[in-house]
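[1] Okay, sequence plus prediction incoming.
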Amino acid sequence: PQGTDAVSSGKGVLGDKKKVRTVKNKEGSYLLDRTRGKGILTYDAATKLLIPGKLWLDADHKFNAAYDGAAVDAHAYAGQTFDYFKKVHGRSSYDGKGARIISTVHYGKDYNNAFWSGSQMVYGDGDGSVFIPLSGALDVVAHELTHAVTQTSAKLIYQGDSGAINESLSDIFGAIIEGHYSDGPDWQIAEDIFTPQKDGDALRSLADPTLNGLPDHYTKRYIGTEDFGGVHINSSISNKAAYLLANGGTHYSVNVNGIGSDKTGAIFFRTLTQYLTPNTTFRQFRVAAIQAATDLYGASSPEVSSVKAAFSAIGLN
Ligand SMILES: O=C(O)[C@H](CCc1ccccc1)CC1(C(=O)N[C@@H](Cc2c[nH]c3ccccc23)C(=O)O)CCCC1
Ligand SMILES: [Ca+2]
Ligand SMILES: [Zn+2]
């Protein structure tokens, strides 16, 4: 649409006030951010299953209605995730070439999930019991957009080991990106939009995957056929390694010295974009991460020793 670049006020899923970048004309304000890359655009599926749906237009330029919250957060959190990859890692949008970022909210009825479609992000509203609108969590938005980074770099196949690594990298960057905008990662995923009636739980914990019955050691990996061979299950194995690398700890009697979440992010970003390939296995993931840390900090650095220890602690040595 034609118009002028503007900023509007709005409220997110949790009622939190925030600004959104828009294009404004006499019809109203569109959720079209032309200040980042080739643009960030947010659409409304209006509970249907057709994507992308309709570019979001707010007639009175104020995004404060309850129905607006999912769109406000999808748009704002996509912008924050864009900024993280650009400023921290020098990558412009998910493809490094400023690719347009498209999100659709209000997908389906009571849809308890979100996904990267291969070309855009899609968010359900949840049923209000398992989930509330899924774009209401920065770690979820960053998780989904990291799938796009993976798709335009390592292209990790979404099944088995490579699929679990694909999933793990989305959880790791989901946590780190959320932490980048607060006082560090909470090492949980989707805690802000999961089971509104229950406190203190999360969809997944990187700190302790066993809280959700998920594996924290390679010997406990799932080898069945569900969930594309357990991509959302075995992801927890390397999620734990990332948690240990950042924070340190002793896991199955292996000591890891923490190096902090910024260096952890740098190592996994370099691993993802320089060394992983479509069929990377968990063993190859360890080798790739050691190589990335060696490039960044040197072969005899404490960072490299911590990467080795973190992977040993989860049974990959
Ligand atoms: O991006 C992803 O990996 C998940 C998308 C999975 C998907 C894949 C293909 C088509 C549709 C959906 C979405 C998220 C996820 O981890 N979903 C898990 C857990 C989950 C969410 N809602 C569910 C409903 C039923 C069962 C499992 C789930 C899954 O789909 O397994 C990521 C962060 C939050 C939601
Ligand atoms: Ca979190
Ligand atoms: Zn995922």
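    Arrived safely, thanks for sending. Please read all numbers here as calculations on a predicted model, not as lab measurements. Ligands and ions are numbered 1, 2, ... in the order given.
[2] CA only for contacts and neighbour counts going forward, please
    Will do.
[3] Could you find the residue nearest the spatial middle of this protein?
    Closest residue to the average C-alpha location of the chain: residue 143 at 1.4 Å, with Cα atoms, centre = their mean.
[4] what's near enough to touch that residue?
    170-174 (Cα atoms under 8 Å, 6 or more residues apart in numbering).
[5] Would you tell me what helix or strand it is located in?
    Taking DSSP states H and E as the criterion, residue 143 maps to helix 138-151.
[6] Can that helix be said to contact ligand 1?
    Yes: residues of helix 138-151 contacting ligand 1 under Cα under 6 Å from any ligand atom: 140, 144.
[7] ok, residue 41 touching residue 99?
    No: taking Cα atoms under 8 Å as the definition, residue 41 is not a contact partner of residue 99, at 11.2 Å.
[8] Same drill for those two, tell me which one is more crowded.
    residue 41 (26 against 15; other Cα atoms under 10 Å).
[9] Kindly confirm my reading that the more buried one forms part of a strand.
    Yes: when classified by DSSP: H, G, I helix; E, B strand; the rest coil, residue 41 is found to be part of a strand.
[10] so what's it up against?
    31-33, 55, 75, 100-103.
[11] switch to 6 Å and redo it
    Taking Cα atoms under 6 Å, 6 or more residues apart in numbering as the criterion, residue 41 is in contact with 31-32, 102.
[12] which one of those is nearest ligand 2?
    Proximity of those to ligand 2 (Cα to the ion) peaks at residue 102, which lies at 22.5 Å.
[13] Any regions of the stretch 151-300 of the chain where pLDDT drops low?
    Regions of the stretch 151-300 of the chain meeting the criterion pLDDT under 70 are absent.
[14] Quick one: name the residues of this structure near ligand 2.
    Within reach of ligand 2 by Cα under 5 Å from the ion, the chain has these residues: 188-189.
[15] Show me the strands in the chain, by range?
    Ranges of strands within the chain are 4-11, 17-25, 28-30, 32-33, 40-44, 54-55, 57-58, 101-107, 114-116, 121-124, 188-189, 204-205, 249-251, 254-256, based on DSSP state E.
[16] Using CSV, please lay out those strands together with distance to residue 153.
    Supplementary listing: the strands of the chain in CSV, determined by distance: least, Cα to Cα, whole Å:
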stretch, distance to residue 153
strand 4-11, 31
strand 17-25, 28
strand 28-30, 31
strand 32-33, 25
strand 40-44, 20
strand 54-55, 28
strand 57-58, 33
strand 101-107, 16
strand 114-116, 15
strand 121-124, 18
strand 188-189, 23
strand 204-205, 25
strand 249-251, 31
strand 254-256, 29
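[17] can you redo those strands as CSV with distance to ligand 1?
    Converted to CSV, the strands of the chain look like this (distance: least, Cα to the nearest ligand atom, whole Å):
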stretch, distance to ligand 1
strand 4-11, 21
strand 17-25, 22
strand 28-30, 26
strand 32-33, 23
strand 40-44, 18
strand 54-55, 21
strand 57-58, 26
strand 101-107, 12
strand 114-116, 4
strand 121-124, 9
strand 188-189, 7
strand 204-205, 8
strand 249-251, 24
strand 254-256, 27
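[18] picking up where we left off before, possible to save the contacts of residue 143 as a markdown table with distance to ligand 1 and neighbour count?
    Below are the contacts of residue 143 laid out as a markdown table (distance: Cα to the nearest ligand atom, whole Å; neighbours: other Cα atoms under 10 Å):
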| residue | distance to ligand 1 | neighbour count |
| --- | --- | --- |
| 170 | 8 | 26 |
| 171 | 8 | 32 |
| 172 | 11 | 31 |
| 173 | 11 | 27 |
| 174 | 9 | 28 |
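[19] Out of the residues you listed, the closest to ligand 2 would be?
    Nearest to ligand 2 out of the contacts of residue 143 is residue 174 (Cα to the ion; 7.3 Å).
[20] If we ignore the residues flanking it in sequence, what's nearest that closest one?
    residue 139 (4.1 Å; Cα to Cα, 6 or more residues apart in numbering).
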